[in-house]
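Engineer: A predicted structure for the sequence below; I have some questions about it.
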Amino acid sequence: MRVTMIGTGYVGLVSGVCFADFGHDVICVDKDPAKIDVLNKGGVPIYEPGLAELVAKNVKAKHLTFATKTKSAVESADAVFIAVGTPSRRGDGHADLSYVYAAAKEIAGYMNGYTVIITKSTVPVGTGDEVEAIISKARPDLKPGKDFDVVSNPEFLREGAAISDFKRPDRIVVGTDSEAARTVMRSLYRPLFINETPMVFTDRRTSELIKYAGNAFLATKITFINEMADLCEKIGANVQEVSRGIGLDGRIGKKFLHAGPGYGGSCFPKDTLAVVRTAQEAGSPLKIIEAVVAVNDARKEKMADKVIEGVGGNVGGKTIAVLGLAFKPNTDDMRESPAIAIINKLALAGAHIRAYDPEAMDEAKQQLPDITYCTNAYECAQGADALVIITEWDQFRALDFERVQSLMVEPVLIDLRNIYNSVRMAEQGFTYISVGRPG
């Protein structure tokens, strides 16, 4: 099939490349000429394991091209995906849909023959209806259900494992009442049928809500176990054993039950806030999700307090070494990363911050310009009064602690991801502080 992907951000680029790898002919379009230039030269503008190789493979096979012009890409397409950003609006927390609506209007001007327009961006309930109305207004000669259909097809990609998630998904959700559109969507995802991937067909509004409901539930699990970690610290229990004990219950499941400094990234913070606003406007407030948002915001500040307490209650004039800046490993994404709030609070309290991250430092320098950046974990530890692990990159899981200790002023390790064993760290001579576990 001929597929056009509008937007080469995280979702658009990964989706476009994977559809090309399925054998479809894909054109990825973006208004940013610098981004398209990078892609046309064989680079990738984001860090995602395996993505660069998959781009090169499909460009060579002539299944994948990149362009800045929408006209020819849409005119030749059977399916056009809208995969542009929907950031939170300042002030009210609603999703900013201006990019989605602008894309819909532009697509309308170039459609040629029956076309399926698919919203891949995460959008509030009712957005598909508005996209359909925009296209109908721009092209009164085209009739919905006959000349075009607007479909909801939310993404469920985890940064750091996006290619695997796309090719081996738990499910594919498609929101449409059109049988013609369903046929197109089945054709797009046909390579997954061999894995018996469930396709959930529903109406458009339900599909849009499924995405928000899924992310809100996962954010709730993270926040729940973080609060359990706080309780564990007060009563002398071990949150990792609590997580295992409840995670083995099939009704609960073990995923997203790892205590830490709070969730971040491009999805959970934005989507929980958006669904809260949607529910409030609908007169059906989501009190649990409202609490999740508030608790998670406070969580990041609380982790900075844990660091301050770990060095004796005052970080003024002290050097704090931070390992990990991205919101999670295997990505360079700094959006809503716990590291930002933690570092800002420590700096405000007078600490000197040294930091290292394998992939996110270029992005971090835009958001945290006043800290010292290092080339590896050991340089970061040099002269530090405490070492703080914020992101659990694999390379931080096997540090040479004899070397680390020799570099530090004080052997204090504050492990906000619980990747080390407290007994062994004590044997190494460290003051070791973790999350929700006995000292």
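Structural biologist: Cool, got the structure.

Engineer: from here on, contacts and neighbour counts on C-alpha atoms
Structural biologist: Fine.

Engineer: how does the protein divide into domains?
Structural biologist: Domain segmentation of the chain under automatic domain parsing yields 2-202, 212-293, 298-433.

Engineer: now those domains as a markdown table including distance to Gly439 and mean neighbour count?
Structural biologist: Below are the domains of the chain laid out as a markdown table (distance: least, C-alpha to C-alpha, whole Å; neighbours: other C-alpha atoms under 10 Å):
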| stretch | distance to Gly439 | mean neighbour count |
| --- | --- | --- |
| domain 2-202 | 31 | 19 |
| domain 212-293 | 9 | 18 |
| domain 298-433 | 7 | 19 |
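
Engineer: adding mean pLDDT, write those domains out as JSON lines.
Structural biologist: Shown next, in JSON lines, are the domains of the chain (pLDDT from 0 to 100):
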{"stretch": "domain 2-202", "mean pLDDT": "95"}
{"stretch": "domain 212-293", "mean pLDDT": "96"}
{"stretch": "domain 298-433", "mean pLDDT": "97"}
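
Engineer: what's the offset of the longest helix seen in the chain from the middle of its chain?
Structural biologist: Ranked by residue count under DSSP state H, the longest helix found in the chain is helix 204-235. The chain centre lies 15 Å from the centre of helix 204-235; the measure is C-alpha atoms, centre = their mean, to the nearest Å.

Engineer: just after that helix, pick out the following helix or strand.
Structural biologist: Next in sequence after helix 204-235, counting helices and strands by DSSP states H and E, comes helix 239-247.

Engineer: packing partners for that next one?
Structural biologist: When contacts are defined as 3 or more C-alpha pairs under 8 Å, 6 or more residues apart in numbering; DSSP states H and E, helix 239-247 packs onto helix 204-235.

Engineer: which helices and strands does the helix it packs on pack with?
Structural biologist: Packing partners of helix 204-235 (3+ C-alpha pairs under 8 Å, 6+ apart): strand 148-152, strand 172-175, helix 239-247, helix 268-281, helix 287-310.

Engineer: want to try TSV for those, with distance to Lys41 as columns?
Structural biologist: Output for the helices and strands packed on helix 204-235, formatted as TSV (distance: least, C-alpha to C-alpha, whole Å):
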stretch	distance to Lys41
strand 148-152	32
strand 172-175	32
helix 239-247	46
helix 268-281	32
helix 287-310	39
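
Engineer: for Ala52, which of these is the nearest?
Structural biologist: Nearest of those to Ala52, taken as C-alpha to C-alpha: strand 172-175 at 24.6 Å.

Engineer: show residues contacting the closest one.
Structural biologist: 151-154, 182, 185, 197-208 (C-alpha atoms under 8 Å, 6 or more residues apart in numbering).

Engineer: cool, stretch 142-151 as well?
Structural biologist: For stretch 142-151, contacts defined as C-alpha under 8 Å, 6+ apart pick out 113-119, 128, 131-132, 136, 174-176, 178, 181, 204.

Engineer: also stretch 291-306?
Structural biologist: Taking contacts as C-alpha under 8 Å, 6+ apart, the residues outside stretch 291-306 that touch it are 219-220, 223, 261-263, 269, 272-273, 338-339, 341-343, 345-346, 416.

Engineer: picking that back up, the helices and strands packed on helix 204-235: which one's closest to Ile389?
Structural biologist: It's helix 287-310; of the helices and strands packed on helix 204-235, that one is closest to Ile389 (C-alpha to C-alpha) at 10.5 Å.

Engineer: which element is Ala347 on?
Structural biologist: Secondary structure assignment for Ala347, by DSSP H and E: helix 338-348.

Engineer: and the next helix or strand after that helix, C-alpha only, in PDB?
Structural biologist: Moving toward the C-terminus from helix 338-348, the next helix or strand (DSSP H and E) is strand 352-356. Below are the C-alpha coordinates for strand 352-356, written out as PDB (Å, rounded to 0.1, in the frame of the first residue of the first chain):
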ATOM      1  CA  HIS A 352      27.100  22.000  42.400                       C
ATOM      2  CA  ILE A 353      25.800  19.400  39.900                       C
ATOM      3  CA  ARG A 354      27.900  17.200  37.700                       C
ATOM      4  CA  ALA A 355      25.900  14.900  35.300                       C
ATOM      5  CA  TYR A 356      26.300  12.200  32.800                       C
END
